[in-house]
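Participant: dropping the sequence and predicted coords here.
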Amino acid sequence: MKKTLSYFLLMLGAVAFFACDDGIDYEKMRKEELALLDDYMAIAHPGAEATPSGLYYFNEPGTGEGDTIKAGDRVQLFYATWALIDGPDSILVDETNGYLEGHRYEPYEVTVGGGNSISGLEEGLTYMQPGTRSRLVINSELAYGQRGSGASIGAFQTVLMEVEIYKVVPFGLETDEE
């Protein structure tokens, strides 16, 4: 009985801890992010339409050949990432990873639909073919949400990515290079 009561009190304390108000107005932060995103899109890409999930993608003309990337495909890509932030007088794009130009690192590998990357990137890949260069505008719901990502991308920040597809291994196909 004593063990059961201790367990019950422990669980009650855990529920109370996780239910407490941390004083942060997440709804307000999300609304501010969406307003900033709308302002950015009106300036940088007027008239652009988002996918049903809210992703914006801009494939560069003349890049990409072959079949569109599908769920299950393994994609190697180069990328650069920025966070959209509200500056003192304007919208700023804060560079968090500018390594795309010159490919100073190994390609990043994503299995589309595998959940090993942010959902906005995985969705964006399904609008691309091997060799495509694209710009993605990924709202926080499709990126890092209220948790952010380390020191470089805060809670409820829109992520801008420039992506270049290096190699696609279609689902079910293995290569000897691996």
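Facilitator: Received it, and whenever you're ready, just let me know what you need.
Participant: please count neighbours and contacts with C-alpha atoms only from this point.
Facilitator: Noted.
Participant: on the three-state scheme, A42 is what?
Facilitator: Under DSSP: H, G, I helix; E, B strand; the rest coil, A42 falls in the helix class.
Participant: just give me the neighbour total for it.
Facilitator: Here the number of neighbours of A42 (other C-alpha atoms under 10 Å) works out to 12.
Participant: check the one 5 residues further on too.
Facilitator: Each residue near G47 was counted by other C-alpha under 10 Å, and the total is 9.
Participant: repeat for I24
Facilitator: So I24, with other C-alpha under 10 Å, has 8 neighbours.
Participant: which strands and helices sit next to the helix or strand hosting L160?
Facilitator: If you go by DSSP states H and E, L160 is part of strand 159-169. Contact here means 3 or more C-alpha pairs under 8 Å, 6 or more residues apart in numbering; DSSP states H and E; on that basis strand 159-169 packs against strand 74-86, strand 133-138.
Participant: the inter-axis angle of that strand versus strand 74-86?
Facilitator: 170 degrees (axes from the mean of the first three to the mean of the last three C-alpha atoms, to 10 degrees).
Participant: can you list the strands that strand 159-169 pairs with?
Facilitator: strand 74-86 (antiparallel), strand 133-138 (antiparallel) (DSSP bridges).
Participant: picking up where we left off before, ranking the helices and strands packed on strand 159-169 by mean pLDDT, which is last?
Facilitator: Looking at these, the lowest mean pLDDT belongs to strand 74-86 (a mean of 88).
Participant: which residue sits closest to the most centrally placed residue in the chain in space, ignoring its chain neighbours?
Facilitator: What sits nearest the mean C-alpha location of the chain, by C-alpha atoms, centre = their mean, is A143, with 3.2 Å. Spatial nearest neighbour of A143, chain neighbours left out: I118 (5.2 Å); criterion: C-alpha to C-alpha, 6 or more residues apart in numbering.
Participant: for Y26, give its distance to E49.
Facilitator: 26 Å (C-alpha to C-alpha, to the nearest Å).
Participant: same deal with P61?
Facilitator: For P61 relative to E49 (C-alpha to C-alpha), the value is 17 Å.
Participant: comparing these two, which residue is more hemmed in?
Facilitator: E49 (12 against 9).
Participant: got the phi and psi for the more buried one?
Facilitator: phi -110, psi 140 (degrees, to the nearest 10).
Participant: just the helices and strands packed on strand 159-169: most buried one?
Facilitator: Using mean count of other C-alpha atoms under 10 Å, the stretch among the helices and strands packed on strand 159-169 with the largest mean neighbour count is strand 133-138, at a mean of 23.
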